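*Asks:* Pasting a predicted model and its sequence here:
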Amino acid sequence: KRVFLNGEWKNAEEAKISVFDRGFVFGDGLYEVIPFYNGKFFLKEDHLNRLSYGLKEINIEFEIDGINDVLLKAIREADLDGSDGAAYIQVTRGVAPRIHSYPSESKPTVLIYAFPVVLEGFEEKSVDVLVSEDYRWHRCDIKSTSLVANVAMNNEAVKNGFHENVLHRNGVITEGSHSSVFFVRNKVVYTHPNGKFILPGITRKATIDLCRANNIQIIETPLSIDQLSTVDEVFLTGTTTQILAVRSVVMNGVARFKQNQIGEITRILQQELIGKTRRYI
Ligand code: PMP
């Protein structure tokens, strides 16, 4: 496997990072995952804009424009021309003595590589999800590599046979541990508004655009766990998740939502997404 680390392409085994890298020490860094379909990036600019936003929010100075050529090369280096996959980008604040505050001088560490992902067949599945308390920090809009809470919450779900979590803060549903959450009620689509409590998902945005383009009403407002029993459809969105139907939403062992068939609006949006992502064929 070939990876791009700080300006050079290397075999993964030869790519080394300092034990004093703040990404390793503090999780002081960001990441981004950009999908490609048949070797062509999808919504790359949106992903890079989100990365730029995060870097600005945590004061990492890094010129993002140069990344474009590296991203294209990443697909070739992974032998994925004509295939589906994603590029992983990680930028940390770099190497410095272990002091919490930002070092006066440090050079960002930059890692980029592409990997294969199965991006088809999502429209044939339906998953069970677990309601968990969202105990992450209050800057979920920053795509930080500090994912301890997400990892622990999702582990709880997977350990108990669930695919994902539906997270709630004080009873208000925010998103998944690694996906955005949508609801459909009376043919109206609902999702939590952007802000500091969710990641501004790129697939979330694409899905909202698809709703608008297809005259499906979309309201960006939070739903509470008490409202789960009133919805007709639940689905998750994400770069690798795409648009995934939810079969049940379980809280304390009780299904608050259950739907064996993939809902009508979910199906429409899935087909629309396939139309957008497969436009190159
Ligand atoms: N929320 C969280 C917490 C995530 O980790 C992800 C996956 N990156 C998403 C939402 C979905 O975002 P995107 O559609 O940009 O992949």
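*Replies:* Done, it's in. As the structure is a prediction and not an experimental result, all values here were calculated from the model. Numbering: from 1, shown residues only.

*Asks:* can you confirm K73 is in a helix?
*Replies:* Yes. Under DSSP: H, G, I helix; E, B strand; the rest coil, K73 sits within a helix.

*Asks:* distance of it from the ligand?
*Replies:* Going from K73 to the ligand by Cβ to the nearest ligand atom, to the nearest Å gives 22 Å. Heads up, the C-betas are built off the backbone N, CA and C, glycines and all.

*Asks:* How about the contacts made by that residue?
*Replies:* F4, W9 (Cβ atoms under 8 Å, 6 or more residues apart in numbering).

*Asks:* Pull up the residues of the stretch 51-200 of the chain that are close to the ligand.
*Replies:* Within the stretch 51-200 of the chain, the positions near the ligand by Cβ under 6 Å from any ligand atom are E175, H178, S179, S180, L199.

*Asks:* Just the buried ones from these, in ChimeraX syntax?
*Replies:* Selecting only the buried entries of those in ChimeraX, with 16 or more other Cβ atoms under 10 Å as the criterion:
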select :175,178,179,180,199
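
*Asks:* Now render the residues of the stretch 51-200 of the chain next to the ligand as TSV, adding pLDDT and secondary structure.
*Replies:* Output for these, formatted as TSV (pLDDT from 0 to 100; DSSP: H, G, I helix; E, B strand; the rest coil):
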residue	pLDDT	secondary structure
E175	98	coil
H178	98	coil
S179	98	coil
S180	98	strand
L199	98	coil
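
*Asks:* show me what contacts the closest residue to I173 other than its chain neighbours?
*Replies:* Leaving aside its chain neighbours, I173 sits nearest to L223 (5.2 Å; criterion: Cβ to Cβ, 6 or more residues apart in numbering). Counting by Cβ under 8 Å, 6+ apart, L223 touches V172, I173, F183, Y190, H192, V231.

*Asks:* With G82 instead?
*Replies:* N38, G39.

*Asks:* Would you mind giving the secondary structure of it?
*Replies:* From three-state DSSP, the assignment for G82 is coil.

*Asks:* Please determine how far it is located from the ligand.
*Replies:* From G82 to the ligand the distance is 23 Å (Cβ to the nearest ligand atom).

*Asks:* Okay, that residue and P35: tell me how far apart.
*Replies:* Separation of G82 from P35 (Cβ to Cβ, to the nearest Å): 15 Å.

*Asks:* what mean pLDDT would you report for stretch 23-36?
*Replies:* Averaging pLDDT along stretch 23-36 gives 98.

*Asks:* Need the distance between the two termini of that stretch.
*Replies:* 26 Å (Cα to Cα, to the nearest Å).

*Asks:* Okay, buried residues for that stretch please.
*Replies:* Those would be G23, F24, V25, D28, G29, L30, Y31, E32, V33, I34, P35, F36, for stretch 23-36 by 16+ other Cβ under 10 Å.

*Asks:* Now the first one. Nearest residue, chain neighbours left out?
*Replies:* Going back to what we said before, that points to G23. G23 sits nearest to T92 (Cβ to Cβ, 6+ apart), 2.9 Å away.

*Asks:* quick one: E77 and E8 touch, right?
*Replies:* No. In this structure E77 lies outside contact range of E8 using Cβ atoms under 8 Å: 11.8 Å.

*Asks:* Show me which of the two is the more surrounded one.
*Replies:* E77 (17 against 9; other Cβ atoms under 10 Å).

*Asks:* Now, of the contacts of L223, which are buried?
*Replies:* I173, F183, Y190, H192, V231.

*Asks:* Now do the domain split for this protein, please.
*Replies:* Domain assignment for the chain, taken from automatic domain parsing, gives 2-116, 122-277.
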